[in-house]
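Asks: For reference, the sequence and a predicted model appear below.
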Amino acid sequence: MKTNILSFVLFSLLSFGLHTGTAAQTVYTTTATGGTWSDPDTWTVTGTANANRVPTNQVVNGRDVSNNIIIINAPVQLDRDYTVSGNNGIILIGTAGSIEEAASTPGRALNFGQQTGADQQRLLANGSVEVTSMSFLKADALINAPLTAKCSISISNQSTLTVASNVSIEGDLIVRQGNPSIEGTGALEIDGCVRTQSRGNLNGLFGPNLRVCIQGQDNACSAAPEPGLDCNPNALQAIAINGCAPLPVELINFSAKYVDEQVQLNWATAMERASSNFTVERSQDGRQFEAVSVVPAAGQSSSTLTYSSVDKTPRAGTSYYRLKATDTDGTFSYSSVAVVQVGKGNQTMTVYGNLSSLNLDLRSPGTCRAIRVLDSMGRVVYTEQLAAETAGTFSRTIPLRTSVAGIYIVQAMTSTGMMSQKILLN
């Protein structure tokens with residue numbers, strides 16, 4: 001397969017590959033209460049002058065060139081279709097955010113990617129999504145919260161969906177050309193079938209740790225399928241872990257909370273069959289996980305049991321936690337991912353100097369991922385991605401290589417959020 005503080009998830013723009021360029025980019029951030037997508041009161045707009053008051057797709061010469069950053073930290077009701085495209089367009093959903101199709105306008109679609117350009121990250125979902133359909137074209141997604149497509153999901157052209165939670169498709173999964181894939185340690189349930197343009201093999205479609213259940217049921221969405229797309233029976237052979245089989249552990253909930261400089265983890269089970277242990281795992285990027293603790297399981301139980309564990313040495317910034325339930329025969333399954341912010345708010349940034357010598361002093365409990373400078377029109381004039389070890393207090397002299405006086409915006413993307421400061425340079 002191949003982030004003023006706007007939101008803790010903004011650092012992901014750099015982690016997943018932010019490209020430099022001269023085109024201005026509009027940032028839409030939800031207000032505290034959220035609202036309907038097409039309502040201007042739902043959004044705070046930054047980054048460019050005279051931007052639309054709500055996220056809309058711009059069409060130039062018949063081509064969609066939308067290049068917006070959408071940051072959702074509150075519930076949003078989707079009342080229109082939206083396409084995430086452009087050089088750096090992306091949707092970032094925080095743990096308190098969600099996208100749900102508005103009841104008054106059913107049939108809404110979210111589309112990610114474009115035909116031109118390279119495959120890139122288009123969706124980071126730490127909050128839930130529920131719409132009618134979704135499509136991914138040269139577009140990657142990291143899904144850490146429940147995602148539901150009431151009809152279909154279409155993937156094509158090297159798109160990779162990394163699932164760390166549960167994805168439910170109430171219709172069909174449509175697989176087009178270009179070797180797309182769905183991987184991760186979560187679960188994918190398809191009520192319908194996997195439709196392709198031919199009935200060839202689908203090796204590599206599903207990752208080795210993904211639980212997949214294909215029900216093959218008729219549904220309203222498949223009543224009039226797209227011409228040339230048929231159910232492919234070879235999809236069953238591409239499944240490594242049968243998600244239709246009953247799990248050895250029925251997990252009721254799993255939560256993680258930062259308290260007194262530690263992360264408290266709690267979970268409960270409704271039923272256990274030959275369960276051996278639970279492993280709490282942690283990640284800083286939502287992809288690579290490490291074991292934090294191992295808790296013995298009950299083995300056999302038909303009543304509710306509660307468990308807990310503590311991460312006494314959490315990593316500063318954003319951390320992702322999941323639970324691995326292992327059976328006595330070695331088989332295992334994963335919980336949904338819980339996202340925790342550690343040490344948020346204990347960071348400062350000072351910017352001073354002039355056009356020939358712009359200086360930045362930063363103190364952060366987390367890791368600084370990147371620095372960039374924008375002009376008054378929101379155009380990127382300097383960007384630098386830093387080594388993963390850059391943490392604590394450090395200083396930087398930024399070579400702007402410009403002689404144009406005016407207002408500039410200096411941004412530092414850290415694992416605890418993005419810091420931003422304006423400065424007048426002469």
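Replies: Arrived safely. Numbering: from 1, shown residues only.
Asks: residues contacting A139?
Replies: Contact analysis of A139 by Cβ atoms under 8 Å, 6 or more residues apart in numbering lists V84, F112, G113, D119, Q120, Q121, R122, L123, S159. Every C-beta, even on glycine, is put in place using the N, C-alpha and C of the backbone.
Asks: Let's see that with 7 Å instead.
Replies: Contact analysis of A139 by Cβ atoms under 7 Å, 6 or more residues apart in numbering lists F112, G113, R122, S159.
Asks: Among those residues, which lie within strands?
Replies: Using DSSP state E, the subset of the contacts of A139 located in strands is F112, G113, R122.
Asks: And for the first one, the neighbour number?
Replies: Counted with other Cβ atoms under 10 Å, the burial measure for F112 works out to 26 neighbours.
Asks: So for the ones in strands among the contacts of A139, which is the shakiest by pLDDT?
Replies: Lowest pLDDT within the ones in strands among the contacts of A139 is found at G113 (88).
Asks: Only alpha carbons, please: show the helix or strand harbouring T367 as CSV.
Replies: For T367, the host element (DSSP states H and E) is strand 358-375. The C-alpha trace of strand 358-375 is given here as CSV (Å, rounded to 0.1, in the frame of the first residue of the first chain):
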residue,chain,number,x,y,z
LEU,A,358,13.6,32.6,11.1
ASN,A,359,14.0,30.8,14.4
LEU,A,360,11.7,28.3,16.2
ASP,A,361,12.0,27.1,19.8
LEU,A,362,9.7,24.2,20.7
ARG,A,363,9.0,22.3,23.9
SER,A,364,6.7,19.3,23.7
PRO,A,365,6.1,16.2,25.8
GLY,A,366,5.7,14.3,22.5
THR,A,367,7.5,13.8,19.3
CYS,A,368,7.8,16.6,16.7
ARG,A,369,7.1,15.0,13.3
ALA,A,370,7.5,18.0,11.0
ILE,A,371,7.7,21.8,10.6
ARG,A,372,6.2,23.8,7.8
VAL,A,373,5.8,27.5,7.0
LEU,A,374,2.9,29.0,5.0
ASP,A,375,2.4,32.5,3.5
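Asks: Only the buried residues of it, if you could.
Replies: For strand 358-375, burial by neighbour count (16 or more other Cβ atoms under 10 Å) applies to 358, 360, 362, 364-375.
Asks: Please apply the same query to stretch 114-133.
Replies: Buried residues in stretch 114-133, counted by 16+ other Cβ under 10 Å: 114, 119-133.
Asks: Show the contacting residues for I398.
Replies: Neighbours of I398 in contact, by Cβ under 7 Å, 6+ apart: L358, L360, V373, Y382.
Asks: The same query, at a cut-off of 8 Å, please.
Replies: L358, N359, L360, I371, V373, Y382, E384, V410.
Asks: Also L210?
Replies: Counting by Cβ under 8 Å, 6+ apart, L210 has contacts V163, I182, E183, G184, T185, G186, A187, L188, A240, I241.
Asks: The last one and L137, how far apart?
Replies: According to Cβ to Cβ, to the nearest Å, I241 and L137 sit 27 Å apart.
Asks: what sits opposite the closest residue in space to P55 that isn't next to it in sequence in the beta ladder?
Replies: Nearest residue to P55, sequence neighbours excluded (Cβ to Cβ, 6 or more residues apart in numbering): Y28, at 4.9 Å. For Y28, the beta-bridge partners are V45, I70 (DSSP bridges).
Asks: just checking, Y28 touches N67?
Replies: No: with contact defined as Cβ atoms under 8 Å, Y28 does not reach N67; the gap is 11.7 Å.
Asks: Which one's more surrounded, these two?
Replies: Y28 (23 against 19).
Asks: ok, now which ones touch that one?
Replies: Y28 neighbours (Cβ under 8 Å, 6+ apart): W43, T44, V45, V54, P55, N68, I69, I70, I71.
Asks: Mark which of the residues you listed are buried, thanks.
Replies: Buried among the contacts of Y28 (16+ other Cβ under 10 Å): W43, V45, V54, P55, N68, I69, I70, I71.
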